[in-house]
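Q: Generate coordinates for the sequence data below:
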Amino acid sequence: LSSSNPPTQTGTPTWTDDALYVSNSSLTETVWLIGFVRVPKTATFTFILDTNGAAALFLSTNDDPTNKVLIASATNNHSPDILLNNNTNYYIFCVGSRSNGYLRLGIQARMHETTLTATTSSLVFNEIQRIAIA
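A: Numbering: from 1, shown residues only. So this is what the prediction gives:
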C-alpha cells in the first residue's frame, strides 16, 4: 500500500459524517480517501477504519501532509484517543486495497466528550457534534 501513489482527484466529494467507499467491482482495486478533518469544538476523538481489505489510515498533526502518522490499519482498526482543536484543518489520508474486488473502505470518527448546554436537571441537553471530512 505505501508504494502506491493516488491518482489526481477529479471531483470534490465531501462527507459530513462517515467517509465510505463500497466497490461494485470484482476486480483488484486500490482506493484513496484524502482530505481534511475539521471539528467545530475541541475534544478527544477516536477514528475507526472500516475495511475488508488491506488498509492504512493516517492523520496529520495539522494541515501539512508531511506530518501524517499512521493511526489505524486493517489489523488494528481503532486509533488511540486523539485531541483535535476546533477550527483547525487536519490532513487525513486513507488507502485501501483488495485483490479480489468488492472493497469496502470507510473512516468513522467518534467524539468522546459532550458539554452540557443547560444546568443539571431533568431537562439537560447534550451538544451534538458534526464532523466534516472533506
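
Q: show me the contacts for Thr51.
A: For Thr51, the contact set (CB atoms under 8 Å, 6 or more residues apart in numbering) comprises Ala74, Asn77, Gly96, Leu103, Arg104, Leu105, Gly106. Backbone N, C-alpha and C define where each C-beta goes, glycine included.

Q: contacting residues for the residue nearest to the spatial centre of the chain?
A: Compute the mean C-alpha point of the chain, and by CA atoms, centre = their mean the closest residue is Ile107, 4.0 Å away. By CB under 8 Å, 6+ apart, the contact set of Ile107 is Asp18, Ala19, Leu20, Leu33, Phe47, Ile48, Leu49, Asp50, Leu57, Ile92, Cys94, Ile133.

Q: and it, that one's in a strand?
A: Yes - under DSSP: H, G, I helix; E, B strand; the rest coil, Ile107 falls within a strand.

Q: Check it and give its pLDDT.
A: As predicted, Ile107 sits at a pLDDT of 93.

Q: Over to Met111?
A: Note on Met111: pLDDT of 87.

Q: I'd guessed it sits against Ala43; true?
A: Yes - here Met111 lies in contact with Ala43, judged by CB atoms under 8 Å, at a distance of 4.9 Å.

Q: that older thread, specify which member of the contacts of Ile107 is nearest to Val39.
A: Closest to Val39 out of the contacts of Ile107 is Ile133 (10.2 Å), distances taken as CB to CB.

Q: Now for the protein, the helix or strand with the poorest mean pLDDT.
A: Using mean pLDDT, DSSP states H and E, the weakest-scoring helix or strand in the chain turns out to be strand 132-133, at a mean of 58.

Q: Can you give the distance from stretch 93-106 to the centre of its chain?
A: Counting by CA atoms, centre = their mean, to the nearest Å, stretch 93-106 is centred 14 Å from the centre of its parent chain.
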